[in-house]
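> With the sequence up front, the predicted model follows.
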Amino acid sequence: MSERLESYKCPSCSAPLRYDPSGKLVCDSCSNEYDPEVIELMDSYDRQQAEFDWGDYKQKLAENAERIENSVVYVCRSCGATVETDATTAATHCPYCDNEIVITDRLEGGLKPGGVIPFKIDKNRAIDSVLAHFKGKKLLPGNFKDRHTLEKIRGVYVPFWLFDAGVDGTMVMDATKVRMWSDSRYDYTETKHYLLSVSGSMDFAGVPVDASTKMDNDVMDALEPFDYSEMRDFDPVYLSGFLADRFDEDPDVSIPRANERMENSAESVIRSEASDFTTVSVRKSLMRLTHPTVRYVMLPVYVLNVKYNEKNYRFAVNGQTGKVVGELPISKLKSWLYFGGWLVGLGAIVSLIAYFLFR
């Protein structure tokens, strides 16, 4: 007959824990003490996390795969981007490098998305949104505000994976409560230390992760939120006058980003339950995602590329809300004139003050 031996590691320093007659698990390396129930909870969550499987979502995706009818896919010979549009488009320009894409690069139609949010604002309103974003930027190069430059803005349906999942979580935290008072002779400070274990569960729906390597993840995250109540079943008619980026990151690649976003949100909610304490520091966060599902959808984005000093600056406009994000360059000439003029003015003021003080 074999006996199963359980061994646990210290959450703080990973050294072995020993059972103390006081009823605690004690670390001889860092002198921390833990309740056995908390350590057992940590260990069980670690096992569940390691054994967790995202299920057969890819198989379901493949089973539901449909090709978009009456569409063509072009490959840009310059940057390798793959974009899709309606079959009536004979030629277009790449939204990522602005080079022309011609019909000789035609491929078969792409994978049909499960949903789409149609463009709600037109090209002119997108340009107005960009101009409003530029307003007040005194050091912006002049060609960025040129209407002819902004006319190059293009509407692109960007591929996204939308993740739904539940999150079961427990956070183990070190916390303190500090009480201070005084009498006629002394000031007193009392600090009480606590080891907290707070659990909770919540559901997430429609956590977006863009599925295109050509779109900057931070830019796409900054364009949120999108109103998913306006999501419609995909129809090729929505491609008319627009482009559609083809996804080149499968759901497996996107899972860590979706996982991180959901876990961070869950941790924030759970941590708020310890708001009554003076200080709180997280010792260990234990999160487990359950019942995940994924949908492939298209979201509307206007993309504008402007070159300045051999560098490409990309701006993106939420095609539903008009929100603008992007990096802005600084004109060296305007910067020199602006700050040079400011220094000259400051020097004149200093000279004038010195004249009246020391004449």
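Yep, it's here. Residues are numbered from 1 along each chain as shown.
> what's across from the nearest residue in space to residue 326 that is not next to it in sequence in the sheet?
Distance criterion Cβ to Cβ, 6 or more residues apart in numbering; nearest residue to residue 326, sequence neighbours excluded, is residue 315 at 3.4 Å. (C-beta placed from N, C-alpha, C; glycine too.) On the basis of DSSP bridges, residue 315 is bridged to residue 304, residue 326.
> what's the answer for residue 203, then?
With DSSP bridges as the rule, residue 203 is bridged to residue 166.
> Helices of the chain, residue ranges please.
Along the chain, the stretches classed as helices by DSSP state H are 36-51, 57-63, 123-134, 147-150, 217-222, 251-271, 332-358.
> lowest-confidence stretch among these?
Ranked by mean pLDDT, the helices of the chain bottom out at helix 332-358, with a mean of 47.
> The nearest residue in space to residue 254 that is not next to it in sequence: neighbour count?
In space, and not counting its chain neighbours, residue 254 is closest to residue 209: 4.1 Å by Cβ to Cβ, 6+ apart. Residue neighbour count, defined by other Cβ atoms under 10 Å, stands at 23 for residue 209.
> Residue 209 against residue 258, yeah?
Yes - contact criterion Cβ atoms under 8 Å: residue 209 and residue 258 qualify, at 5.1 Å.
> overlap in contacts of the two?
161, 163 (Cβ atoms under 8 Å, 6 or more residues apart in numbering).
> ok, back up a step: in the sheet, who's paired with the residue nearest to residue 254?
residue 161.
> Contact partners for residue 193?
For residue 193, the contacting residues are 174-176, by Cβ under 8 Å, 6+ apart.
> hang on, the residue nearest to residue 326 packs against residue 223?
No - Residue 315 lies out of contact with residue 223 (Cβ under 8 Å); the separation is 10.7 Å.
> and for the two, which residues touch both?
residue 325.
> Next, the nearest residue to residue 82 once chain neighbours are set aside: phi, psi?
Distances taken as Cβ to Cβ, 6+ apart put residue 246 closest to residue 82, at 4.2 Å, once the chain neighbours are dropped. Phi and psi for residue 246, reported as degrees, to the nearest 10, are phi -90, psi 140.
> quick one: residue 246 from residue 189, how far?
To residue 189, residue 246 is 63 Å away according to Cβ to Cβ, to the nearest Å.
> Who has more neighbours out of those two?
Per other Cβ under 10 Å, whichever of residue 246 and residue 189 has more neighbours is residue 246, with 19 against 9.
> doesn't residue 159 make contact with that one?
Yes - using Cβ under 8 Å, residue 246 is in contact with residue 159, at 6.8 Å.
> list residues touching both of those two?
Listed as contacting both residue 246 and residue 159 by Cβ under 8 Å, 6+ apart are residue 212.
> re the thing from before, contacting residues for the residue nearest to residue 326?
Applying Cβ under 8 Å, 6+ apart, we find residue 315 in contact with 130, 133, 303-306, 324-326.
> got a pLDDT number for it?
86.
> how near is it to residue 254?
Following Cβ to Cβ, the distance that separates residue 315 from residue 254 is 24 Å.
> do the same with residue 229
The separation that residue 229 has from residue 254, given Cβ to Cβ, amounts to 23 Å.
> which one of these two has more residues nearby?
Applying other Cβ under 10 Å to residue 229 and residue 254 shows that residue 254 carries more neighbours, namely 21 against 6.
> Wait, that one touches residue 211, no?
Yes - with contact defined as Cβ under 8 Å, residue 254 reaches residue 211; the gap is 6.3 Å.
> Any chance you could list residues touching both of those two?
With Cβ under 8 Å, 6+ apart, residue 254 and residue 211 have common neighbours residue 161.
> list the contacts for the closest residue to residue 133 other than its chain neighbours?
Excluding the flanking residues, the one nearest residue 133 by Cβ to Cβ, 6+ apart is residue 324, at 4.1 Å. Residues near residue 324 by Cβ under 8 Å, 6+ apart: 129-130, 132-133, 315-318.
> Next, name the residue at the spatial heart of the protein.
The centroid of the chain falls nearest to residue 221 when counting by Cα atoms, centre = their mean (4.1 Å).
> I am finished for the moment; much appreciated.
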